[in-house]
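Enquirer: have a look at this prediction, sequence included:
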Amino acid sequence: MRAVENRALTAVEAVLSDAIRRWDDARLDVAPDAPLIDLVMKDAGAKFSVVWAGEGFPADIDAALRSARMADILPSTSTPLVVARHMSPGAVAVLEERGVSWVDETGRASVHAEPGIAIVIDRERSPTENLRPLPRSSRWAPGTAAVAETVLVRAARLPDAHAEPLPSVTRLAADAGVSTALASRALQGFDAEGWTSKSGASRGPRAARTLSDPSTMLSSWASWHAEQVPSRIGVHAVVDDPDRFVRDRLAPQLRTDDWALTGWLALQHTAPFLTSVPLLSVYLAPRLFDDGAALDRVLTAAGLRRVDRGARLEILRADELVLRGAELDVPVGEEQSTSSPAPVRWASAIRLYGDLLRMGARGPDAAEHLRQTRIGF
């Protein structure tokens, strides 16, 4: 984890060095073997314990502080200072409520300590002339993101995400739908970020790789995923009961492996959050999405029609990964019934988390609720 510790220290040094220029006889001392920074002044000083919190979502803050306490790297004589790539509004609210200082790599900061005299730094953004280049996280590409999502979906379904070694590179490549060479490069990048780590032999049957920081990995992948704009078709539908609509009108027109629900209705069945479902979101296989005539036949059979505005149902173009990772939902007691409704599939909790982050004003709050109650890291 030395790489992320260095990254965190670099961000803190950039902010504090800029801030103390107005103080005479002030200097920064960085501990060579621990994530500690001493702010030394003529009459007083302050010691900060620097804690890296990944992308800066609320769940990252909780995980980082919890890990720091467990590792005993928060001495009673120091002030915790949480660092992230970009602190989300929710994370800032959590930190301010707890009175914890923070810095992010954009130069925003809220640092408070009282070592005999007050040190207060509060700013939304540092002056551009005082910014220094900071290391950037891995640049996501669709193939790398597919490998990450495959790893995360598997981890979310395990009792302990850290416990079991990851599958072989060949298996991960097949599950992610990428080449073995691409999967290998992706995993090496994850190792460099500190998200995964290797143990045992460097290669061969005794080589193993484990997931060491799923929380930061999830936040980084999800922030990239939320910025992607999926191909979308808006559909008009009269929906009184979303569940009944999906099971009685939509599902019977589709093959089970051709679609999966995401968004608000999927959340209601995975980790209930809202009392109503404002929009239905459905992933549809490319063989139907890309075939206008075939899709129109499905919509007509379900009593639906395309619209440019005011859609009640949105159809998203699915990739193979979301359909492969979807979970089948069959009502209890209806598994053996010949008259049971058509089965429904939900997107994995990981994909649902990423999708919710881009779904309107309450989307990020719903995503954090899902992460806390269902994903667990």
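Expert: Nice, thanks for sending it over. Residues are numbered from 1 along each chain as shown.

Enquirer: just the CA atoms of stretch 90-99, as CSV, please.
Expert: Output of stretch 90-99 as CSV, limited to C-alpha atoms (Å, rounded to 0.1, in the frame of the first residue of the first chain):
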residue,chain,number,x,y,z
GLY,A,90,-21.7,13.1,1.1
ALA,A,91,-18.2,12.3,2.3
VAL,A,92,-17.6,16.0,3.2
ALA,A,93,-20.8,16.0,5.2
VAL,A,94,-19.7,12.8,7.1
LEU,A,95,-16.2,14.2,7.8
GLU,A,96,-17.5,17.6,9.0
GLU,A,97,-20.1,15.9,11.2
ARG,A,98,-17.3,13.9,12.9
GLY,A,99,-14.9,16.9,13.0
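
Enquirer: next, the buried residues of it.
Expert: Using 16 or more other CB atoms under 10 Å as the test for burial, stretch 90-99 gives Gly90, Ala91, Val92, Val94, Leu95. (Each C-beta comes from the backbone N, C-alpha and C, glycine too.)

Enquirer: please apply the same query to stretch 243-263.
Expert: 245-247, 249-251, 253-254, 258-263.

Enquirer: show me the helices in the stretch 251-377 of the chain, by range?
Expert: With helices called from DSSP state H, counting those that start in this stretch, the stretch 251-377 of the chain shows them at 263-270, 286-289, 292-301, 320-324, 349-356, 363-370.

Enquirer: deepest-packed of these, please.
Expert: helix 349-356 (a mean of 26; mean count of other CB atoms under 10 Å).

Enquirer: any weak-confidence spans in the stretch 251-377 of the chain?
Expert: Along the stretch 251-377 of the chain, the model assigns pLDDT under 70 to residues 330-341.

Enquirer: re the thing from before, so which of the buried residues of stretch 243-263 are in strands?
Expert: Among the buried residues of stretch 243-263, DSSP state E puts Trp259, Ala260, Leu261, Thr262 in strands.

Enquirer: distance of the second one relative to Phe57?
Expert: When distances are taken as CB to CB, to the nearest Å, Ala260 and Phe57 turn out to be 24 Å apart.

Enquirer: what do you get for the first one?
Expert: Between Trp259 and Phe57 the distance is 29 Å, computed by CB to CB.

Enquirer: mind listing what Ser231 touches?
Expert: When contacts are counted by CB atoms under 8 Å, 6 or more residues apart in numbering, Ser231 is found next to Phe289, Leu316, Arg317.

Enquirer: for Asp240, see how far away the closest residue to the first one other than its chain neighbours is.
Expert: Read it as Phe289. Leaving aside its chain neighbours, Phe289 sits nearest to Arg317 (4.5 Å; criterion: CB to CB, 6 or more residues apart in numbering). Separation of Arg317 from Asp240 (CB to CB): 28 Å.

Enquirer: which one's more surrounded, these two?
Expert: Arg317 (16 against 6; other CB atoms under 10 Å).

Enquirer: coming back round to it: which one of the ones in strands among the buried residues of stretch 243-263 sits closest to Leu328?
Expert: Among those, Ala260 lies closest to Leu328 (CB to CB), at 9.5 Å.

Enquirer: show me what that closest one bridges to in the sheet.
Expert: When assigned by DSSP bridges, Ala260 has beta-bridge partners Tyr283.

Enquirer: my guess is it contacts Leu321, does it?
Expert: No. Ala260 is beyond contact range of Leu321, at 10.8 Å (criterion: CB atoms under 8 Å).

Enquirer: what about Pro230, is that helix, strand or coil?
Expert: Under DSSP: H, G, I helix; E, B strand; the rest coil, Pro230 falls in the coil class.

Enquirer: nearest residue to the middle of the protein?
Expert: Ser219 (2.8 Å; CA atoms, centre = their mean).

Enquirer: re earlier: pipe the contacts of Ser231 into TSV and attach distance to Arg108 per row.
Expert: Compiled in TSV, the contacts of Ser231 are given as follows (distance: CB to CB, whole Å):
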residue	distance to Arg108
Phe289	40
Leu316	33
Arg317	36
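
Enquirer: list just the nearest of those to Ala68.
Expert: Of all these, Ala68 sits closest to Leu316, with 38.7 Å by CB to CB.

Enquirer: quick check: Leu313 touching Leu284?
Expert: No. Using CB under 8 Å, Leu313 makes no contact with Leu284, being 10.8 Å away.

Enquirer: looks to me like Ser110 is in a helix.
Expert: No. Counting by three-state DSSP, one finds Ser110 to be strand, located in no helix.

Enquirer: run a quick neighbour tally on it.
Expert: Per other CB under 10 Å, the neighbour tally for Ser110 reads 20.
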